[in-house]
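>>> let me see the structure of the following:
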Amino acid sequence: MVKIGCCGFPVNLKRYVEAFSVVELQQTFYDPPEPKTALKWREQVPPYFEFTLKAWQLITHAPSSPTYKKLRRPIPEEKQKRYGFFRPTAEVMAAWEKTKEIASLVKARIIIFQSPASFEPSRENKNNMRQFFSRLDRHQFLLGWEARGKWLEEDIREICQELDLIDVVDPFQRLPLTGRLRYFRLHGLTGYRYRYSDQDLDKIISWIKEAKEVYVMFNNVYMFDDALRLKESLREKIKE
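Numbering: from 1, shown residues only. Alright, predicted model coming up:
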C-alpha cells in the first residue's frame, strides 16, 4: 500500500482531495484547531480520505522555539520549564490529550512526534520519552517519531523498538531502521525551496518497492506538483 500526499494543504481542499487520498495536518503542531473545525475538515472529505497529523509542539519543543510564536496563548514565564522535550508533566500530558482529541475527530490513523535538533540523546531526554510514551492511552493510533540532530542510529533503533514507534525519516538522509510501515517526510535535499528531479523520484520509487506499506509526504515549496509527479511516475512504473 502506497499513500502519497503533502504536509499541509498547498492548494484548496477541493482540489487537494481530487488529487490525493491523504494529508498530514500541520496546524495541530502549532496550535490545534477548535473541535468544531476538526469535525468540519472530516465532514468535507470523502470517507476514504486519510488524515495524519503532527503532535502539538508543547509536547516536543521547548518554549524557546520560534514556532511558539504561533500559539494563541503564550506560555507564562514561570511555567516554561514544564513544556516540551516529552517532559513527564501535567502540561505535556494535557497537550497530548488535545492532540488525541483532534486526531480522533478527524479519524486519524497516525500521529507524528517531530523532535527538534535541540532535543539531544541525553539520558534525561531518553527517560522523558520512556515515561511519556509508557503513560499514553494510544487507542487505535500508530505513533511515529522523527528524530533530528545528533541521535545515533543505534539510539533511534532502540527507542523505536522499545516504545513501538514508527521511525519517521527523510529517506534522502537515511532509511528507516525498524518496522514494516514506512513513513517518509520529504523536506528537500537542499531545503524547503528544493524541487525534486525525475532522478530523485526514481530513487523514491525504488524505496517504495522495498516496503509493504509506505506513506510519502512532501514538505517543500513544490510539494503539490512533486507529489503529483511521483504519483504519475509510480503509475507508469507499475504499468511497465
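
>>> what's the offset of stretch 33-42 from the middle of its chain?
19 Å (CA atoms, centre = their mean, to the nearest Å).

>>> could you pull out the buried residues of it?
33, 38, 41 (16 or more other CB atoms under 10 Å). Using the backbone N, CA and C atoms, a C-beta is placed for each residue, glycine as well.

>>> wasn't the first one part of a helix?
No: following the definition DSSP: H, G, I helix; E, B strand; the rest coil, residue 33 is coil and is not counted among the residues of a helix.

>>> from residue 181, how far out is it?
Going from residue 33 to residue 181 by CB to CB, to the nearest Å gives 26 Å.

>>> repeat for residue 147
16 Å.

>>> the more surrounded of the two?
residue 147 (24 against 17; other CB atoms under 10 Å).

>>> tell me the confidence at the residue lying closest to that one once chain neighbours are set aside?
Spatially, and ignoring its direct neighbours in sequence, residue 147 is nearest to residue 156 (5.2 Å; CB to CB, 6 or more residues apart in numbering). With respect to pLDDT, residue 156 has a value of 98.

>>> on the three-state scheme, residue 156 is what?
What three-state DSSP gives for residue 156 is helix.

>>> residue contacts, the residue nearest to residue 131 when sequence neighbours are not counted?
Among residues not flanking residue 131 along the chain, residue 88 sits closest, at 4.2 Å (CB to CB, 6+ apart). Residues in contact with residue 88 (CB atoms under 8 Å, 6 or more residues apart in numbering) are 128, 131, 132, 135.
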